[in-house]
Every structure is written in structure tokens, then in C-alpha cells.
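> I'll drop the sequence and a predicted model, then ask my questions.
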Amino acid sequence: MKEFTIDFIIIGIYLAIIIGYGIYQGQKVKTSAEFFIADKRMPWWACSLAFFTLVLSTQDIVAYTETGYMRGFTAFNPYISIGGFILLFIALGAPIYYFTGVYTVPEYLSKRYNEKTALAGSVALLLFLLAILAFNIYAFAVMAEGLFGFPILVTILVLSVLIAIYTSIGGVVSVISVDVLQAAFLFLGGLLIVAIGIDKVGGWNELIAWTPAENIQYTTQINDPGYPAVGMWMGISIIVAAFYMMHQGVLQKCLAARSMNGTRLTMLIYGMVMLPLGCLFTGTPGLITRALVEKGVIPEPDTTGHTMAYLLDQIMPHGLLGICIAGIMAAMISTTDSYINSATTVFINDIYMKLVKGKSDAHYLKLARIVTYIVAIGIPFVFVKYFMNIPYLIAAFYSITSAVVPGVLIAVICGMGTKTFKAKAATASIIASIVGTLLSIFFPATFLAPFCIGISYTDPGASWFQTVAGFVWGVAFAVIFSFFPEKQKNDIELFGLVRNHPRVDIAHDAYFYGLTKNKKGIDQLSVEDKQHYLKLNKEPYKKYWKEQVLKNE
């Protein structure tokens, strides 16, 4: 280990800076609102940087590096469809989440439907967040094992404790503050890996020349046993849609912004500037490794799961290696702390507060800090054994997250898009997608095989179709239960919870009016106030704003 001394020193300095800064910022947090959504007082640029470090995680860097090595440009598939879903969130999700003042997705489900739907959504979302949390830190541990020989479980334990320390103190305030700082490490480490790697290959043209012809394609074959085209495109589209419409980590980053425009800017800057960098930092190292192997510069790695560690060991001089590891660790920590805080928020806000009512804000804040340690330290070990049994990292990741995503996604989008979607249909969709996906995992011959287009259910890539199975189950039960009789909520009850009800301009005025009445969201306004704004909502857009200008003058 002597040859890594300088690298370990750099990593130690990085950890000291990050944890110290997180504790410093977290000491300012005095209320649960600050702990959960920073009380909407963060500047948009800070939210945007924090959002980038959430999205560009170790799970992406390590897993897509393996995909880039094995299947080339297919590693960029998930990023191709993201732009459309970013616009969907800006147009549909962001105004509703922001102006209703909700802290969590289940809280929205409770307001839009009922407590049963919210409970089902809470369970699903917790499983989703905890699985991603565990996989993210597991992916870094796999890389550390390949590079330094560290035992996976020991690495997970040490890092979990360190992350829990500052996350438990400041919640999302510490998370966003630290993530802004970590963005610098992430940018520097990622650029070093890509720049030095491409230089070792001999330039971009050489990289393309030495990439196998089949890896130049942006998609795989339908019958590819590890990366089936249909399963990847369908599974990725569902997961990405869920990521931007019902992902608690995304929601908390956006809701922390000071204004609705700040929320929009957070997403736009990410989509136009940071997303392309994400593509560069994730799949490209895998392409570089494959080109170096094909060119004969380095031998083949012993295992594809260690592709990133292998590349760093082969091309990176000591000292710079420490900076790169710090950058990848920044991606891991920034994502993990977000998921820890998000899972804690869902548990406290959507489960505990409903079971134990009437406690002081200090009580909920103290419990949130305790739960943070439980989530951070205990949860990763629950999932690790499962992940180890699946040969490809990215397949392992999507197989577990697919169990809970489809149903909640259906409930959120249909609930926001139309007033007629029923609570029974939403609840049934969430439960059915979980049950259907679990059946496909434990009884694949019966419940997964019918969805495996082009491959066998026994192939490694069959896990891609688990998302599809859950989605089909969710849609089927949503349709069936939509025919069941149910008392529909009226316009007053749905105020602010459905698209253009009211319009964004009306919602903006209603939101700030509500703040003067100590209401955190427009859905909490009085019936009289809602009727007033619904009446304004019927007026033409130009007429309304003309009246507002005259009134202000």
C-alpha cells in the first residue's frame, strides 16, 4: 500500500473538508422544514450544482463504465431520453410540487388521492430510495476492492458512518452545501480521467478507430443476452421518467430553490450544461478502456465489474489518482447523502407523523437525525448480497429499482394530468407493480418469461424486463380499478393538485398570498380563497395580467 500513500493523503484531506463543511452548515438547522427542504432558501445555482452531483453518481460512473467497455456507445442510452422528461417535469411536475408546498411525493399522493394511496406510495418510494442508496455505495466499494483490495463490506461501513455524521446534523441544508463543494472535486476528477485516458489512446479519432464496430452503435441487438435492446429502451425510459417525476431526491433539490423560476433554472442548467458532462464522465472511461485493450496498450481486465478501477490503475499516476478517487467519491457521497435524507424525509413526514401526531417540531427533528443513522448504516447491508448475485452492475441496479417505480409513476403522472383518475386505480397500480415485479424476480419462468422480448428469462439481461413487467401490471390494474365506483373530489379539493388548475400565473399569486396566511401551499387556502382564485383562473391570461399591472400601478 506504500505506493498509494499520497493518494490516501489526498482522499483523507478531501473527506475532512467535506465532513467538516457539512457539520458547519448543518449547525444552522433548527427546524424540520430546514432539515427536509432547506425552507426554500437556497439559490438556484447551488441547487443546480447539487442536482448535478445527485444525478452523476458512482452507480452511473462505475456501472456505465462497465457498460461502455462491454457495449460501447450503448452506455449513453439512458441520457438520450432525459431531455424530454426534464421538460415534462418543468411543465407538469414542478409547478404542482412547488406551489402546493409538499415535502415528499407521498404527501402529494395523500392530497391528490387519499391516505391509502399515500401509504402505498411511501412504502414503494422508501424501497426505491433505499435500494439506490445501497447500490450507490456498493458500486464505489466494488471499485475500491478492485483498486486497493479493500473488503466491500468494510468500505461500505466506514463510508456510511462518515456520511451519516453530517447528514444527521443538517439534513438537506448540509447535503446541498456539501454537494456544491463536491461538484468541484467531481468536475476535476472526471476531466482528469477522460483527458488522460483519451491521450493514452492517442486522441478521439484513435478511440473510435479501436472501438469494435458493434460497439459504435447506440443500441444493442434485440437478442443480446446481457443488454437486450427492447428491454433496455423500455426499462430505461420508465426509470428515467420516474427519476424526474417522482424521485424524492430530485424533488428536494428543486423545492429548496427560492422561487419557481429558480426551480426551472435548476433543471434547465442541468439539462443543457451538466447533462452532456455526465455523458462524458460515465460511459467514456469504458470506451477508453476497451480501446486501450484492443490497441494492445493494456491487457484485458480480469473482471468487467472492476473496469473503472482497472483503468485508473493502468493510466493514472499517483497523486492524480487520489484526486480522481476523490472525484468519484464525491459522486458517491453527494448521491448517498441525498438518498439518506430523502428516505428519512419520507419516513418521518409520510409515515411517522401520521402515526404519532401532535408532537413538537423539535421532536420530529430529533427523530429525523436518529433515523438518518439507521438508514445510512444499516440499509446498505440489506441489499448487498442481492447485488452480488447479478453479474452486470447496471442490470443489478435496474432490477431492484424497477420493483417499485412503475406504479408510483402512473399514479403521479395521471394524478397531475387529469382530474378523473381515481384513488383506487392509483393505489392498485402501485401495489400491483410491486407485486408483479417481485413475482417476476422469484418466479421468473411464469411471471418474467412472457415479457422477455428477444431473449430467455434465464439470460442476465432478463432483469431489464422486470421494469416492463411492473409497468404492465400497474397499467392493467389501474385500468381495471378505474371502473370501480368512487366519489370524485371536487374542484375545491383538487385546487393546485392538477395541471392548470389553477394556471401557473394564478398559482403564483395564490402561493404568495398563502404565505401571508402561514399556509405552506395553495391547497391549504380557505374554501373562499380557492373559489376566488378559481374564478380568476377562468379569465383569459392577458386580461388577468393587465388587471394585475393596473392594480400594482
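That came through fine.
> could you double-check that Glu294 sits in contact with Leu207?
No - the pair Glu294 and Leu207 fails to qualify as a contact (C-beta atoms under 8 Å) at a distance of 10.0 Å. Any C-beta I mention is one placed from the backbone N, CA and C, and that applies to glycine too.
> tell me what the helix or strand hosting Leu88 is packed against?
Secondary structure from DSSP states H and E places Leu88 in helix 82-88. Judged by 3 or more C-beta pairs under 8 Å, 6 or more residues apart in numbering; DSSP states H and E, helix 82-88 is in contact with helix 229-245.
> contact partners of the helix it packs on?
74, 77-78, 81-82, 85-86, 88-89, 92-93, 128, 219-222, 250, 398, 401-402, 405-406, 408-409, 412-413, 452-455, 461-462, 464-468, 471 (C-beta atoms under 8 Å, 6 or more residues apart in numbering).
> who touches the residue lying closest to Ile410 once chain neighbours are set aside in this structure?
Counting by C-beta to C-beta, 6 or more residues apart in numbering, Ile410 lies nearest to Ser429, which is 4.6 Å off, once chain neighbours are set aside. Counting by C-beta under 8 Å, 6+ apart, Ser429 touches 406-407, 410-411, 474-475, 477-478, 481.
> could you rerun that using 7 Å?
By C-beta atoms under 7 Å, 6 or more residues apart in numbering, the contact set of Ser429 is 407, 410-411, 474, 477-478.
> which ones among these lie within helices?
Judged by DSSP state H, helices contain the following of the contacts of Ser429: 407, 410-411, 474, 477-478.
> now the helix holding Leu88: buried residues?
Of the residues in helix 82-88, 82, 85-86, 88 count as buried by neighbour count, 16 or more other C-beta atoms under 10 Å.
> widest-spaced pair of the contacts of Ser429?
Ala411 and Phe477 (11.2 Å; C-beta to C-beta).
> who has more neighbours out of those two?
Neighbour count, other C-beta atoms under 10 Å: between Ala411 and Phe477, Ala411 has more, with 32 against 23.
> what's the distance between the nearest residue to that one once chain neighbours are set aside and Pro406?
Closest residue to Ala411 apart from its sequence neighbours, by C-beta to C-beta, 6+ apart: Ala426 at 3.8 Å. To Pro406, Ala426 is 12 Å away according to C-beta to C-beta, to the nearest Å.
> how about Tyr69?
Counting by C-beta to C-beta - Tyr69 and Pro406 are separated by 30 Å.
> between these two, who's got more neighbours?
Taking other C-beta under 10 Å, Tyr69 and Pro406 do not tie; Pro406 has more neighbours (31 against 26).
> check what pLDDT Val527 gets.
Note on Val527: pLDDT of 92.
> number the residues from 811 up from this point.
Noted, 811 is the first residue going forward, which turns the last one into Val1337.
> just checking, it touches Ile1302?
Yes - Val1337 is within contact range of Ile1302, at 5.7 Å (criterion: C-beta atoms under 7 Å).
> and those two? which has more neighbours close in?
Ile1302 (14 against 10).
> now for the residue nearest to that one when sequence neighbours are not counted, how many residues are close by?
Counting by C-beta to C-beta, 6+ apart, Ile1302 lies nearest to Lys1340, which is 5.2 Å off, once chain neighbours are set aside. Per other C-beta under 10 Å, the neighbour tally for Lys1340 reads 21.
> one more: Phe950?
Phe950: 28 neighbours (other C-beta under 10 Å).
> and the host helix or strand of it, which residues are buried?
Using DSSP H and E, Phe950 maps to helix 925-958. Residues 926-957 are the ones in helix 925-958 that count as buried (16+ other C-beta under 10 Å).
> other SSEs contacting the helix or strand harbouring the residue nearest to Ile1302?
Lys1340 belongs to helix 1337-1347 when elements are defined using DSSP H and E. Taking 3 or more C-beta pairs under 7 Å, 6 or more residues apart in numbering; DSSP states H and E as contact, the helices and strands that helix 1337-1347 lies on are helix 1314-1326.
> keeping just the C-alphas, turn the helix it packs on into PDB.
Provided in PDB are the C-alpha atoms of helix 1314-1326 (Å, rounded to 0.1, in the frame of the first residue of the first chain):
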ATOM      1  CA  VAL A1314     -49.200  28.900 -13.100                       C
ATOM      2  CA  ASP A1315     -49.700  32.700 -13.100                       C
ATOM      3  CA  ILE A1316     -52.700  32.400 -10.800                       C
ATOM      4  CA  ALA A1317     -51.000  29.700  -8.700                       C
ATOM      5  CA  HIS A1318     -48.000  32.100  -8.200                       C
ATOM      6  CA  ASP A1319     -50.200  34.800  -6.800                       C
ATOM      7  CA  ALA A1320     -52.200  32.300  -4.600                       C
ATOM      8  CA  TYR A1321     -49.000  30.900  -3.300                       C
ATOM      9  CA  PHE A1322     -47.500  34.200  -2.000                       C
ATOM     10  CA  TYR A1323     -50.900  35.200  -0.700                       C
ATOM     11  CA  GLY A1324     -51.000  31.900   1.200                       C
ATOM     12  CA  LEU A1325     -47.600  32.700   2.800                       C
ATOM     13  CA  THR A1326     -49.100  35.800   4.300                       C
END
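> how far out from the middle of the chain is that helix?
Helix 1314-1326 sits 29 Å away from the centroid of its parent chain (C-alpha atoms, centre = their mean, to the nearest Å).
> what angle do that helix and helix 1337-1347 make?
Interaxial angle of helix 1314-1326 relative to helix 1337-1347 (axes from the mean of the first three to the mean of the last three C-alpha atoms, to 10 degrees): 160 degrees.
> who touches helix 1314-1326?
By C-beta under 7 Å, 6+ apart, helix 1314-1326 touches 905, 909, 1070, 1306, 1312, 1331-1332, 1334-1335, 1343, 1346-1347, 1351, 1354-1355.
> same check, this time on stretch 1137-1145
821, 824, 828, 863-864, 866-868, 871, 946-947, 950, 953, 973, 989, 992, 995-996, 998-1000.
> narrow the residues you listed to those that are buried.
821, 824, 828, 863-864, 866-868, 871, 946-947, 950, 953, 973, 989, 992, 995-996, 998-1000.
> of the residues you listed, which belong to helices?
Reading helices off those with DSSP H, I get 821, 824, 828, 863-864, 868, 871, 946-947, 950, 953, 973, 989, 992, 995-996, 998-1000.
> my guess is Gly1132 contacts Asp817. True?
Yes - the criterion here is C-beta under 7 Å, and Gly1132 meets it with Asp817 at 3.4 Å.
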